[in-house]
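Here is my input; please provide its structure:
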Amino acid sequence: MSDGDTPADTAAPTTRTLHPGEGGYDEALAEWDLQQDPDRPAAVSTASGREEAMRLVHAIATSADDAIAPALEAVDDLEAIGEALRHVLVGGVPSVEAFAAEVADAEGGDPLPAHQATKIIGEVLAELD
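Okay, here's the model as predicted:
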């Protein structure tokens, strides 16, 4: 190895794992969302879409088997729910925590932990795609 060569193990990683609360986490979520469909406009949440999304997340969280598909069958406007949930997810941890608190206020019970709400939201969005 000559003086100008660098060992392969010192190369910069191509991926990095970010955790909620770390610097860049919220920005990484927004970038990831854009990468999923670059032609899709920014997420826009409507009041009715958010309300229906809250009912859906509550129904999934309180079901015995966390079944997504049966819960989605009861939804009137899948697109509005998808947009509302994308809007929540891209907002990062504070947005997810606020959404979980809204769900608890509207539907009853304790707020879901942010990681559980994020998991449900991600699974719903994956099912919608």
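
contacts for whichever strand or helix holds Val124?
For Val124, the host element (DSSP states H and E) is helix 114-128. Applying Cβ atoms under 8 Å, 6 or more residues apart in numbering, the external contacts of helix 114-128 come out as 20, 56-57, 60-61, 66, 68-69, 72, 78, 81-82, 85-86, 88-89, 93, 96-97, 99-100, 103, 112. All C-beta atoms are positioned from the backbone trio N, CA, C, and that covers glycine.

List buried residues within those residues.
56-57, 60-61, 68, 72, 81-82, 85-86, 88-89, 93, 96-97, 99-100, 103, 112 (16 or more other Cβ atoms under 10 Å).

Among the residues you listed, which lie within helices?
Judged by DSSP state H, those include 56-57, 60-61, 68, 72, 81-82, 85-86, 88-89, 93, 96-97, 99-100, 103 as members of helices.

pretty sure Gly109 is touching Thr62, no?
Yes - applying Cβ atoms under 8 Å, one finds Gly109 in contact with Thr62, separated by 7.3 Å.

Would you mind listing the buried residues in the helix holding Val124?
So for helix 114-128, counting by 16+ other Cβ under 10 Å, buried means Ala114, Ala117, Thr118, Ile120, Ile121, Val124, Leu125, Leu128.

pLDDT-wise, which helix or strand of this protein ranks last?
helix 25-36 (a mean of 65; mean pLDDT, DSSP states H and E).

Which pLDDT does the model give the closest residue to Ile81 other than its chain neighbours?
In this structure, Ile81 finds its nearest non-sequential neighbour in Ala53, 4.7 Å apart by Cβ to Cβ, 6 or more residues apart in numbering. On pLDDT, Ala53 comes in at 92.
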